[in-house]
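*Asks:* coords please:
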Amino acid sequence: MPRKPKTINDEQRAQVEALAAYLTQDQIADYLGMSRPTFAALMERDEDVALRYKKGKAQAIADVATGLLMQAREGNVGAAAFYLKTQAGWREKQEVKIESDQPFGQFVLVEASGDEDSAVSVN
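*Replies:* Numbers count the residues shown, from 1 in each chain. The predicted structure is shown next:
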């Protein structure tokens, strides 16, 4: 005889939404006293549970993003750079120049800054 599908009550549904901000699906499953596959099946079967999980996760991301954007606007260069890299497609580019007097043999790698201390000899 097949097992009856696992369900959760309204209080547990609210807990899923609240905990999604802090816990993984594995951890929420543990909290609810079920396995990860059972929790995944519950979310597939019960659209309300899946939506509550997604809503809780999205709210946490929005809260953190709001704080990050506030920091960037207040002049935090690291926060601004991180935001632009992740949201605007910005990236850091490091150029490496290879110099050699011989066609083959020893190479000297020099960083784009041209700092002599940054040169590395490679045989």
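*Asks:* Contacts only, for Gly89.
*Replies:* Counting by C-beta atoms under 8 Å, 6 or more residues apart in numbering, Gly89 touches no other residue. Any C-beta I mention is one placed from the backbone N, CA and C, and that applies to glycine too.
*Asks:* any idea how far Val96 is from it?
*Replies:* Spatial separation of Gly89 from Val96 under the definition C-beta to C-beta, to the nearest Å is 22 Å.
*Asks:* what's the answer for Glu74, then?
*Replies:* In this structure, Glu74 and Val96 are 35 Å apart, going by C-beta to C-beta.
*Asks:* do Val16 as well
*Replies:* Using C-beta to C-beta, one gets 49 Å for the distance from Val16 to Val96.
*Asks:* Among those two, which residue is more densely surrounded?
*Replies:* Summary of the neighbour comparison: Val16 and Val96, criterion other C-beta atoms under 10 Å, with Val16 having more neighbours (26 against 8).
*Asks:* can you pull the buried residues of stretch 91-99?
*Replies:* Taking 16 or more other C-beta atoms under 10 Å as the neighbour-count basis, stretch 91-99 is seen to contain no buried residue.
*Asks:* starting at the chain centroid, how far to that stretch?
*Replies:* For stretch 91-99, the gap between its own C-alpha mean and the chain's C-alpha mean amounts to 26 Å (C-alpha atoms, centre = their mean, to the nearest Å).
*Asks:* avg pLDDT for it?
*Replies:* Per-residue pLDDT values over stretch 91-99 give a mean of 80.
*Asks:* start to end distance for it?
*Replies:* In stretch 91-99, first residue to last residue: 26 Å (C-alpha to C-alpha, to the nearest Å).
*Asks:* Specify the residue ranges that define each domain of this protein.
*Replies:* Recorded structural domains for the chain (assignment: automatic domain parsing) are 10-87, 93-123.
*Asks:* low-scoring pLDDT stretches of this structure, where are they?
*Replies:* 100-123 (pLDDT under 70).
*Asks:* In it, mark out all the helices, start to finish.
*Replies:* Counting by DSSP state H, one finds helices in the chain at the ranges 10-19, 25-32, 36-45, 47-73, 77-87.
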